[in-house]
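Q: Make a model of this:
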Amino acid sequence: MTFPERVLRARTKRHLTQRQLSEAAKKKPTYVAQIEIGGIEKPSYEAMVGMATALRVPIEWLADGDGEEPTWDESDDAPDTEPAAP
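A: Take a look at the predicted model:
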């Protein structure tokens, strides 16, 4: 599995939109989209840490596919977002 495939897989398993992931990782939505289509092959370490944290996956797995694929526990399915202000 390639890096873009791992990002997409983790994002969809976490039920996050590209926008939600980009906000959590403090990146623009177009940045996440570019990663997922393979337009950015080597993101910065800062971006990688932000995405791994937001996706709740080990950075080693996200970056290089090292280790086992994370388990996608049912309790992890809901996004960690706060309700919108009225």
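
Q: Quick check: end-to-end length of stretch 63-70?
A: From the first residue to the last, stretch 63-70 extends over 13 Å; the measure is CA to CA, to the nearest Å.

Q: Show me which parts of that stretch are buried, residue by residue.
A: 63, 70 (16 or more other CB atoms under 10 Å). From N, CA and C alone the C-beta is placed, and that goes for glycine too.

Q: and what of stretch 27-47?
A: Of the residues in stretch 27-47, those scored as buried under the neighbour-count criterion (16+ other CB under 10 Å) are 27, 31-32, 34-36, 40, 43, 47.

Q: Give me the contacts around stretch 39-58.
A: The list of residues contacting stretch 39-58 from outside it, by CB atoms under 8 Å, 6 or more residues apart in numbering, reads 3, 6-7, 10-11, 14, 16, 21, 24-27, 31-32, 34-35, 59, 62-63, 67, 70, 76.

Q: Next step: the residues you listed restricted to helices.
A: Judged by DSSP state H, the subset of the contacts of stretch 39-58 located in helices is 3, 6-7, 10-11, 21, 24-25, 31-32, 34-35, 59, 62-63.

Q: Which pair of those spans the longest distance?
A: Spatially, the most separated pair among those is 34 and 59, at 19.4 Å (CB to CB).

Q: Pull the CA coordinates from stretch 28-42 and hand them back as PDB.
A: Taking Å, rounded to 0.1, in the frame of the first residue of the first chain, the C-alpha atoms of stretch 28-42 are listed here in PDB:
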ATOM      1  CA  LYS A  28      -5.200  23.300   3.700                       C
ATOM      2  CA  PRO A  29      -7.900  20.900   2.300                       C
ATOM      3  CA  THR A  30      -6.100  21.000  -1.100                       C
ATOM      4  CA  TYR A  31      -3.000  19.700   0.600                       C
ATOM      5  CA  VAL A  32      -4.800  16.500   1.800                       C
ATOM      6  CA  ALA A  33      -6.400  16.100  -1.700                       C
ATOM      7  CA  GLN A  34      -3.000  16.400  -3.300                       C
ATOM      8  CA  ILE A  35      -1.500  13.800  -1.000                       C
ATOM      9  CA  GLU A  36      -4.400  11.400  -1.700                       C
ATOM     10  CA  ILE A  37      -4.000  11.600  -5.500                       C
ATOM     11  CA  GLY A  38      -0.200  11.200  -5.200                       C
ATOM     12  CA  GLY A  39       0.700  14.800  -6.000                       C
ATOM     13  CA  ILE A  40       2.800  15.200  -2.800                       C
ATOM     14  CA  GLU A  41       5.100  12.200  -2.400                       C
ATOM     15  CA  LYS A  42       7.100  13.400   0.600                       C
END
